[in-house]
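**Q** Take a look and give me a structure for this.
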Amino acid sequence: MARPSKVIKRQLAVCIALCIMAAGARANTASEEIGYLIESIGQSGCAFVRNGKNHSAPDAADHLRMKYRRGKAYANSAEQFISRLASKSSMSGKPYYMKCDGEETQKTGEWLTERLEAFRKNRGNES
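**A** Residues are numbered from 1 along each chain as shown. Predicted coordinates:
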């Protein structure tokens, strides 16, 4: 069997390096977006309803930070963070809710999805 030429080896090495860089960029983007979502809750001034009890926005952010720290392997994207960690209690299975003054109570997953879409749209306008 013929051995690969130096040119092919270099091209393969470049391809692998680009794939690694792209994967790292996706991880950085996901981490940045998830951080933004957690901070959005923490600074919202809304009540966070977890298992039927109201919690302050800063306490909600702390709770979601802890869940993300423990469950990072299950959230490789902001969408996965929302659906797998930030939408319902892992203990009871009950959905989380956001109660914001002057607004209808909304499921946290929906609330976070709206913020994620706005964040991405706004970030796209900065270019």
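**Q** how about the strands of the chain, start to end?
**A** Remark: strands assigned in the chain by DSSP state E are 47-50, 53-55, 97-99, 106-107.
**Q** other SSEs contacting the last one?
**A** Put plainly, it is strand 106-107. strand 97-99 (3 or more CB pairs under 8 Å, 6 or more residues apart in numbering; DSSP states H and E). Yep, even glycine has a C-beta here, placed from its N, CA and C like the rest.
**Q** contacting residues around the residue most central in space within the chain?
**A** Among the residues of the chain, the one closest to the centroid is residue 78, at 2.6 Å (CA atoms, centre = their mean). Contacts for residue 78 (CB atoms under 8 Å, 6 or more residues apart in numbering) come out as 30, 33-34, 37, 116.
**Q** one more time with 6 Å
**A** 30, 33-34, 116 (CB atoms under 6 Å, 6 or more residues apart in numbering).
**Q** Report the residue spans of this structure with pLDDT below the cut-off.
**A** 1-4, 6-28, 126-127 (pLDDT under 70).
**Q** The same query, at a cut-off of 50, please.
**A** 14-15, 17-27 (pLDDT under 50).
**Q** can you give me the helices in it?
**A** With helices called from DSSP state H, the chain shows them at 6-42, 57-71, 78-80, 108-125.
**Q** If you count contacts, what does the last one end up packed against?
**A** Packed against helix 108-125, as judged by 3 or more CB pairs under 6 Å, 6 or more residues apart in numbering; DSSP states H and E, are the following elements: helix 6-42.
**Q** redo that, cut-off 10 Å
**A** Here helix 108-125 touches helix 6-42, strand 47-50, helix 57-71, helix 78-80, strand 97-99, strand 106-107, going by 3 or more CB pairs under 10 Å, 6 or more residues apart in numbering; DSSP states H and E.
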